[in-house]
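J.: Sequence first, then the predicted structure, then my questions.
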Amino acid sequence: MADTALASTASAANAVPAVQIVGVNKWYGDFHVLKEIDLEVAKGERIVICGPSGSGKSTMIRCINRLENHQAGRIVVDGTELTNDLKRIDEIRSEVGMVFQHFNLFPHLTILQNCTLALIWVKKLPKKDAEEVAMQYLKKVRIPEQANKFPGQLSGGQQQRVAIARALCMNPKIMLFDEPTSALDPEMVKEVLDVMIGLAESGMTMLCVTHEMGFARQVANRVIFMDAGQIIEQNEPVAFFSNPQHERTKLFLSQILH
Amino acid sequence: MVQTPTLASPTVAGKAFVRRQLAASLPPPLATAGILGWLRKNLFGSLSDAILTVVGLAIIVYVVWTVADFAIVRAVTTATTGEACRKPGAGACWPYVTSFWRLFAYGYYPPAEQWRPNVVFALFALLLIPLAIPAAPLKRTNAVLFLIGLPIVAAILLSGGVFGLASVETRLWGGFLVTLIIAVTGIVASFPLGLLLALGRRSNMPAIRFLSVMYIEFWRGVPLITVLFLASNMLPLFLPVGWNVDQLVRALVGVTLFTAAYIAEIIRGGLQAIPRGQYEGAMALGLGYWQMMVLIVLPQAIKIVIPNLVSSFISLFKDTTLVQIVSIYDLLGTIQQSRNDPAWTAPTTSSTGYLVAALIFWTCCFGMSRYSQFIERRLHTGHRR
């Protein structure tokens, strides 16, 4: 298949793929939301997933850290297969960072506490070390001065940058982004994308569900288009945007690239 | 306004405008700010508002005056017998209260041993006050002492029988002492039980969910009076011969189990208000179930339901008076018992006693209510998204 060929070029150096999805199916009741999904993501690869709403793109990346469970097929994350084993799931979750559309910061904790929480309770770091790590990543996303405020006191863009820092604190091998800029005011999209671009340049393995096509052009190794629970088309960004093959892809691109 | 025709675009010729100076904020008009503005807005906004204000004020003045007249102006303050209170026109009979205050405070606890309840009261206050003040240090030690140390010390000290303390049966305990014991034990013990039941009812495990639902629906389905009555009269029938559970302990257990069901439903309400994203955010970081619940979900859920929780606790505090029906004499019970004492029989004795009960209950409940509002404000960390 085309996707394995593409992936193999990117993953020549790394034998174990970061994420391997084989024949995954998922249903919500009678609704077949993911149909025979096959996807391999090499280490260091940056993938942008787009598609109309309800196409299953969020569901697919949420399966990777088991926020949703799949009913058929295999998902292997960094060599560990996702099963019902709760301990393994927690292990994978601490290695896979996730950034959500609505930030999902904890409103009762300060920015710093949001970032140190998992370091202290999951990685069992002493509080002081955890705070050092957190401040380092808050500096990286350029908001160290907000450390002692509460999420409710920050703008949407700032909150999303905190959410990225919070995920990075766990030193993840893979980062999942679920429409990170869709809930932001237009003026704040850029500051979040800048952080994501910086992250991409540092070599992080990234799967981003987003409609920011400029971002896709700039950083993606591969763009995936999904519709009706299936991967319709995937290609490297230049070819994907300039020469889409499938009719559905052409229609979608014509709708969003005015 | 600065007209700048040179900037005019072809479509809006002559309408182009660039603001050179930002408009400054002005103070609000006098009639809408300050005391006058407040009065006008809240009390005299319209003719019907004004009429309601005047009528309301009149009612307040009438009630306050009636109570003050009874409790202060016409009150009998010094007397050694009920004779003075029996005179026509006499108000509140305060000497009755002063002669019975020990009964109200300790019940029939032997007077020579009443220093023991006093020590318990003092310890309670000493541990509760720093626990309630957010800035006070050593919260953890304080909480352990209050929740574990105090109950043990109080039980040993009040029952006696060890360390050379004379044994005092619980049937002699009474008055405010018993009210406080039942209320505090009920509140402190029902909260963790209710919390577990709330989590159980939302558990993914069918057996745990079923048991929690059964428990909650059972205890919510029976009146507290029935629970107390059954605990007092039916429980001995089920226990092996020779076994006996103390009457007060039965009431404590009954009140606790009963309240836990209500607490569980209140906390469940809070849990349901927490957005799915909070769970996902916690899970995505690799937190386990208990970490997620204790660190992320419950702090937010409980914060939301503080008003309901405190309502429930206030209601429990007042429901302690029901233990009278199983022959435990709490504050109200001791007032009931003493108000018919022949030496103090007077038209106003009962009213005076009930006024005292009302004042004490109101003070405690109002205190809880105000404290909960303080905590709510303190926990407010800006609007949620």
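T.: Happy to help now that I have it. Fair warning: this is a prediction, and the values are worked out from it, not measured in the lab.
J.: Regarding the spatially closest residue to B:Val73 that is not a sequence neighbour, what is its secondary structure?
T.: Nearest residue to B:Val73 in three dimensions, chain neighbours excluded: B:Gly91, at 6.7 Å (CB to CB, 6 or more residues apart in numbering or on different chains). To be clear about C-beta, it is placed using only N, CA and C from the backbone, and glycine gets the same treatment. Assigned state for B:Gly91: coil (three-state reduction, DSSP: H, G, I helix; E, B strand; the rest coil).
J.: Do I have it right that B:Gly91 meets B:Ala346?
T.: No: contact between B:Gly91 and B:Ala346 fails when scored by CB atoms under 8 Å: they sit 10.6 Å apart.
J.: which non-adjacent residue is nearest the residue nearest the centre of chain B?
T.: By CA atoms, centre = their mean, chain B has its centre lying nearest to B:Ile314, at 3.3 Å. Nearest residue to B:Ile314, sequence neighbours excluded (CB to CB, 6+ apart): B:Cys365, at 4.7 Å.
J.: In contact with the one you found: list those residues for me.
T.: Residues near B:Cys365 by CB atoms under 8 Å, 6 or more residues apart in numbering or on different chains: B:Ile314, B:Phe317, B:Lys318.
J.: Against which helices or strands is the helix or strand encompassing the last one packed?
T.: In this assignment (DSSP states H and E), B:Lys318 forms part of helix B:298-319. Packed against helix B:298-319, as judged by 3 or more CB pairs under 8 Å, 6 or more residues apart in numbering or on different chains; DSSP states H and E, are the following elements: helix B:175-201, helix B:247-273, helix B:349-379.
J.: Distance of A:Trp121 relative to chain B?
T.: 5 Å (CB to the nearest CB, to the nearest Å).
J.: quick one: which helix or strand includes the closest residue to that residue other than its chain neighbours?
T.: Nearest non-adjacent residue to A:Trp121, counting by CB to CB, 6+ apart: B:Gln291, 5.2 Å away. Under the criterion of DSSP H and E, B:Gln291 resides in helix B:289-291.
J.: buried sites along that helix?
T.: B:Tyr289, B:Gln291 (16 or more other CB atoms under 10 Å in any protein chain shown).
J.: what residues does it touch?
T.: A:Trp121, A:Val122, B:Ala282.
J.: Go through these and name the one nearest B:Pro110.
T.: A:Trp121 (52.2 Å; CB to CB).
J.: doesn't B:Ile296 make contact with the closest one?
T.: No: taking contacts as CB under 8 Å, A:Trp121 lies outside contact range of B:Ile296: 10.2 Å.
J.: residues from chain A in reach of chain B?
T.: A:65, A:67, A:86, A:90-91, A:93-94, A:96-98, A:100, A:102-108, A:117-118, A:121-122, A:150-153, A:159, A:166-167, A:170 (CB under 8 Å from any CB of the partner chain).
J.: mind listing which of the residues you listed are in helices?
T.: A:Leu86, A:Asp90, A:Glu91, A:Arg93, A:Ser94, A:Leu117, A:Ala118, A:Trp121, A:Gln159, A:Arg166, A:Ala167 (DSSP state H).
J.: Could you point out which residue ranges in the stretch 1-150 of chain B have low pLDDT?
T.: B:1-14, B:30-33 (pLDDT under 70).
J.: make it 50
T.: B:1-2, B:8 (pLDDT under 50).
J.: would you list every one of the strands in it?
T.: Along the stretch 1-150 of chain B, no stretch is classed among the strands by DSSP state E, counting those that start in this stretch.
J.: Show me what the most centrally placed residue in chain A bridges to in the sheet.
T.: The centre of chain A sits closest to A:Leu176, judged by CA atoms, centre = their mean, with a distance of 1.6 Å. A:Leu176 forms beta bridges with A:Met98, A:Leu207, as assigned by DSSP bridges.
J.: re earlier: in PDB, could you pull the C-alpha coordinates for the helix holding B:Lys318?
T.: C-alpha atoms of helix B:298-319 as PDB (Å, rounded to 0.1, in the frame of the first residue of the first chain):
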ATOM      1  CA  LEU B 298     -13.500  15.500  43.400                       C
ATOM      2  CA  PRO B 299     -11.900  18.800  44.400                       C
ATOM      3  CA  GLN B 300     -13.900  20.400  41.600                       C
ATOM      4  CA  ALA B 301     -17.100  18.400  42.200                       C
ATOM      5  CA  ILE B 302     -17.200  19.100  45.900                       C
ATOM      6  CA  LYS B 303     -16.500  22.700  45.300                       C
ATOM      7  CA  ILE B 304     -19.700  22.900  43.200                       C
ATOM      8  CA  VAL B 305     -21.900  21.200  45.700                       C
ATOM      9  CA  ILE B 306     -20.700  23.000  48.900                       C
ATOM     10  CA  PRO B 307     -24.000  24.800  49.300                       C
ATOM     11  CA  ASN B 308     -25.900  21.500  49.000                       C
ATOM     12  CA  LEU B 309     -23.500  19.700  51.300                       C
ATOM     13  CA  VAL B 310     -23.800  22.400  54.000                       C
ATOM     14  CA  SER B 311     -27.600  22.400  53.600                       C
ATOM     15  CA  SER B 312     -27.500  18.700  54.300                       C
ATOM     16  CA  PHE B 313     -25.200  19.200  57.300                       C
ATOM     17  CA  ILE B 314     -27.400  21.900  58.700                       C
ATOM     18  CA  SER B 315     -30.400  19.700  58.200                       C
ATOM     19  CA  LEU B 316     -28.600  16.900  60.000                       C
ATOM     20  CA  PHE B 317     -27.700  19.200  62.900                       C
ATOM     21  CA  LYS B 318     -31.400  20.100  63.400                       C
ATOM     22  CA  ASP B 319     -32.500  16.500  62.900                       C
END
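J.: now for the helix or strand just after that helix, which elements pack on it?
T.: As assigned by DSSP H and E, the chain's next helix or strand after helix B:298-319 is strand B:329-330. Of the remaining helices and strands, those touching strand B:329-330 by 3+ CB pairs under 8 Å, 6+ apart are helix B:175-201.
J.: residues of the helix it packs on that come out buried?
T.: For helix B:175-201, using 16+ other CB under 10 Å, the buried residues are B:175-187, B:189-191, B:193-195, B:197-201.
J.: Repeat that for stretch A:226-236.
T.: Counting neighbours by 16+ other CB under 10 Å, the buried set in stretch A:226-236 is A:Met226, A:Asp227, A:Gly229, A:Gln230, A:Ile231, A:Ile232, A:Glu233, A:Gln234, A:Asn235.
J.: about what we covered before: quick one: neighbours of the residue nearest to B:Val73, just the number.
T.: The number of residues packed near B:Gly91 is 19, by other CB atoms under 10 Å in any protein chain shown.
J.: quick one: it from B:Thr66, how far?
T.: According to CB to CB, to the nearest Å, B:Gly91 and B:Thr66 sit 11 Å apart.
J.: re the thing from before, of all the helices and strands packed on helix B:298-319, which lies closest to A:Val48?
T.: helix B:247-273 (34.9 Å).
J.: could you give the angle of that closest one to helix B:175-201?
T.: Taking axes from the mean of the first three to the mean of the last three CA atoms, to 10 degrees, one finds that helix B:247-273 is oriented at 40 degrees with respect to helix B:175-201.
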